[in-house]
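Colleague: Give me coordinates for this.
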Amino acid sequence: MKKITTIAVAFLLFTGATMNAQTALKKGSVTYKMEITGDNEANAMMGESTMSVHFNETMQATDVNMMGGMMLMKTITPLGNFKDSKMSVEAMGMKYEIIEISDEALEANKGVGNVDDALEIKYDKKDTKEIAGFKCYKAIVKMKDGTSNDFYITEGIASQGSKDAKLKLAGYPLQLTTSTPNGEVTMTATSFSKELPKDCFSVGEGFTKVTMEEFQKQMGGM
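Modeller: Numbers count the residues shown, from 1 in each chain. Presented below is the predicted three-dimensional model:
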């Protein structure tokens, strides 16, 4: 279960990479696929896993589909106000809306993609590739903990995040490669839509409200 949780968090961490671009699309949905290298057991457990990020100028929602739909996670965040985030999880036939999200969980949800904890960002505009119909170039983000994350970003999509951040990515990330205890994880955008799904910024019906502590107990200490 800990492996699943670690990889799930890696998905959510990616959403923290959204920073401010200037002339670009300000509303839409990006869908990513995940690939893991270096851990066959983790690959077998996760199966096909995807993430979709929906955003406009005030809100961002992230839908994570793991283990072929056996586990679904959703976060809804007002931009610039992580403390008002909502989180829901569907797993093992149960549906939970997590209330009273801990500060630790909120910080984790900012994650490796959030360059607030970066020492520096280096760009290589000669290293380019096309992803989901957008021209992207490489950005290497060196973190304070000594790790580095490789992004491919586009300036064609406006991204969201803290306006007060000391360091900002110059564009929206359409690919991220990062290392986790379970191996190297790469998330790559497969599609972009200008249209937002209906009710993407709301939690559905039938969810039991629990605290993070209660949820972890229900899930066996995950």
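
Colleague: what residue ranges in this structure score low on pLDDT?
Modeller: Applying pLDDT under 70 to the chain flags the ranges 1-24, 38-47, 100-117, 159-166, 180-182, 220-222.

Colleague: where along it do the helices fall?
Modeller: 2-14, 40-46, 103-110, 212-218 (DSSP state H).

Colleague: Check the gap between Thr77 and Lys83 for me.
Modeller: 10 Å (CB to CB, to the nearest Å). All C-beta atoms are positioned from the backbone trio N, CA, C, and that covers glycine.

Colleague: out of these two, which sits in the more crowded spot?
Modeller: Taking neighbours as other CB atoms under 10 Å, Thr77 and Lys83 compare with Thr77 leading, 24 against 9.

Colleague: Show me what the more buried one bridges to in the sheet.
Modeller: Gln60 (DSSP bridges).

Colleague: I'd say it and Asp84 touch.
Modeller: Yes. The pair Thr77 and Asp84 qualifies as a contact (CB atoms under 8 Å) at a distance of 7.5 Å.

Colleague: Buried residues, stretch 82-99. List them.
Modeller: 82, 85-91, 96-98 (16 or more other CB atoms under 10 Å).

Colleague: Report the two of those separated the most.
Modeller: Maximum pairwise distance in these, criterion CB to CB, is 23.2 Å, between Phe82 and Ala91.

Colleague: what separates the residue located most distally from the centre of the chain from Lys138, distance-wise?
Modeller: Within the chain, Lys126 marks the point farthest from the mean C-alpha position, 26.2 Å out by CA atoms, centre = their mean. Going from Lys126 to Lys138 by CB to CB gives 8 Å.

Colleague: In the protein, where's the longest strand?
Modeller: Of all the segments of type strand in the chain, defined by DSSP state E, the longest one is strand 118-131.

Colleague: now Val141: how far from Asn65?
Modeller: Distance, Val141 to Asn65, using CB to CB: 26 Å.

Colleague: Show me which of those two is the more surrounded one.
Modeller: The residue with more neighbours, out of Val141 and Asn65, is Val141; 25 against 20, by other CB under 10 Å.
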